[in-house]
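Colleague: show me how the following folds:
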Amino acid sequence: MNLSRFIVVASVLATVLGAEAPAQPAPASAPVPAPAPAAKPPPGRNPLAFAAHVAATVNDEVISTYDLQQRMLLLIVTSGVQPTEQNAPQLQREALRGMIDERLQLQEIRKIQTKQKMKIEPTDKEVDEELTDLARSNNLRYDQLAQQLANAGVSINTLRDQIRAQVAWRRYMGGRFGSSIRIGDDQIKASLTRINAAAAKPQFLVSEIFLDAQRVGGADVALNGAKQLLEQLQNGAPFPAVARQFSSASSAQQGGDEGWLVSGEIAPPLQAALDGLNPGQLSQPIETPEGVYILLLRDRRAGSSSTMVNLKQALAPLADNATPDQVAAATARLNALASKFKGCDDLEAQAEKLGGLKAGETGEVDVKDLAPAFRDAVVPLKPGQLTAPIQTRQGLHLVAVCSKRQGGLHEPSHSEIENRLYSEELSMLAKRFLRDLHNSATIEAR
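Modeller: Residues are numbered from 1 along each chain as shown. Now for the predicted structure:
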């Protein structure tokens, strides 16, 4: 949430808001100053003005026009988008879609709570703690956050309702689907293989905003909305805040951050747009069969041609004037070690059992920095394989390749890959479940 823009946005809102409504009470645990009175609007039509009526019903639960207006204001102050005659319908649609989603989510959760006599929805205290953490992340106290919102005409309860629904849905989806998601070692290995193979290709650090055509009401609506958002971004609206509020992509929670994408593994329309951008530039709206994208190219880098290896070796020391029999004996010891080799983890232990060998780890190095004899022996090997004995002035070396990857790329850990794959799977299941709730619900927008 970009709270540093609140006062600036509030001054803009004062010129376009015309409808006044009674303030909603703040929670007893966190007293909130009364909202500042709204300034009188200038002559002319107010793009965000509402009368106090029913905006929509979701399974007979009412969303009032006041609640919708409050959510629109929250959307504006948290995204940095400036309200105009042109984008007011889009703001209204996005705010209403979010509120409908939350009503469906909470209705389902409360039904499960009643049926199974379990608690999923957060308590008022837990919501307060979430808001306190949010305020702290912006160097504010809870009461200061509430006052900043009040200065923009937004009741703190509007944000409380949004936070309550988000926390409850996250808990419910984790409980409903979390235990059924299994991320296997084969998936993690395949992902790591793709990451390492991608290191040699050009890469793009990308943020995205995706307007789902089906969700927003069609391809034309998505394209028009993307054009309006692009104009706001070009006028200074912060990309992460806009992505969090408007994007339908799974990256929305991360402010649209897609991380490093690899050339050749990006959808052709998006690849073509990225190829024509310089770091810091925004793309024009990109139409796809599913919807419309806006991309921000944050950085790009050429693929790395280096290969990083982590090695362990066992050395059978030999003097410069070692006899053929001594060389043969050293070779026999290393061959015996190779026959017992099961992986890098037990190399030192096996070498110690055989005696007469020194074993240790070289650490991760670039293959090109190895001595020629070692480089030539290591290049064709895969992790878990051994070289033949290599003779140097120090003696005979037996080298094990413990890991191998392309340089120039952070190699995520096993747990990082597992967590990412888990989050992607859970997000997909949650999206499908919400779509099913929509399909079975009775929703009337007025």
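
Colleague: who touches stretch 361-370?
Modeller: If you take CB atoms under 8 Å, 6 or more residues apart in numbering as the criterion, stretch 361-370 is touched by 306-313, 375, 378-379, 402-403, 407. All C-beta spots, glycine's among them, are computed from the backbone N, C-alpha and C.

Colleague: and Cys402, how many neighbours?
Modeller: Cys402 is flanked by 18 other residues according to other CB atoms under 10 Å.

Colleague: please list only the buried members of the contacts of stretch 361-370.
Modeller: Among the contacts of stretch 361-370, the ones that count as buried by 16 or more other CB atoms under 10 Å are Thr307, Met308, Val309, Asn310, Leu311, Lys312, Gln313, Val378, Cys402, Gly407.

Colleague: tell me the one among those nearest to Lys340.
Modeller: The closest of these to Lys340 turns out to be Lys312 (CB to CB; 14.1 Å).

Colleague: just list whatever residues bridge to that closest one.
Modeller: Counting by DSSP bridges, Lys312 is bridged to Glu361, Ala400.

Colleague: measure it to Gln162 for me?
Modeller: Distance of Lys312 to Gln162, computed by CB to CB, to the nearest Å: 53 Å.

Colleague: returning to that earlier point: pLDDT-wise, what's the bottom of the contacts of stretch 361-370?
Modeller: Of all the contacts of stretch 361-370, Gly407 has the smallest pLDDT value, namely 70.

Colleague: could you measure from the closest residue to it other than its chain neighbours over to Val399?
Modeller: Excluding the flanking residues, the one nearest Gly407 by CB to CB, 6 or more residues apart in numbering is Ser306, at 3.3 Å. Using CB to CB, we find Ser306 at a distance of 19 Å from Val399.

Colleague: now Gln92
Modeller: Counting by CB to CB - Gln92 and Val399 are separated by 67 Å.

Colleague: same check, this time on Gln326
Modeller: On the measure of CB to CB, Gln326 and Val399 end up 21 Å apart.

Colleague: more neighbours: which of the two?
Modeller: More crowded of Gln326 and Val399, by other CB under 10 Å: Val399, with 24 against 14.

Colleague: Val379 is in contact with the more buried one, correct?
Modeller: No - using CB atoms under 8 Å, Val399 makes no contact with Val379, being 11.7 Å away.

Colleague: surely Asp299 is within a strand?
Modeller: Yes - the assignment for Asp299 is a strand, going by DSSP: H, G, I helix; E, B strand; the rest coil.

Colleague: what's stretch 277-297 in contact with?
Modeller: Residues contacting stretch 277-297 (CB under 8 Å, 6+ apart): 204-216, 219, 222-223, 225-227, 229-230, 233-234, 239, 248, 256, 267, 269-270, 273-274, 298-300.

Colleague: buried members of those residues into ChimeraX, please.
Modeller: Under the burial definition 16+ other CB under 10 Å, those of those that qualify are selected in ChimeraX by:
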select :204,205,206,207,208,209,210,211,213,215,216,219,222,223,225,226,227,229,230,233,239,248,256,270,273,274,298,300
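
Colleague: of the contacts of stretch 277-297, which belong to helices?
Modeller: 213-216, 219, 222-223, 225-227, 229-230, 233-234, 239, 269-270, 273-274 (DSSP state H).

Colleague: quick one: low-confidence ranges for this structure?
Modeller: 1-52, 303-305, 408-411 (pLDDT under 70).

Colleague: scan it for its longest helix.
Modeller: Under DSSP H, the chain gives helix 88-116 as its longest helix.

Colleague: now do that helix: distance to the chain's middle.
Modeller: Computed by CA atoms, centre = their mean, to the nearest Å, the chain-centroid distance of helix 88-116 equals 23 Å.

Colleague: what packs against it?
Modeller: Applying 3 or more CB pairs under 8 Å, 6 or more residues apart in numbering; DSSP states H and E, we find helix 88-116 packed against strand 54-58, strand 61-64, helix 65-79, helix 156-177, helix 213-216, helix 219-234, helix 414-440, strand 443-445.

Colleague: okay, now Ala322: neighbour count?
Modeller: Ala322 has 17 nearby residues by other CB under 10 Å.
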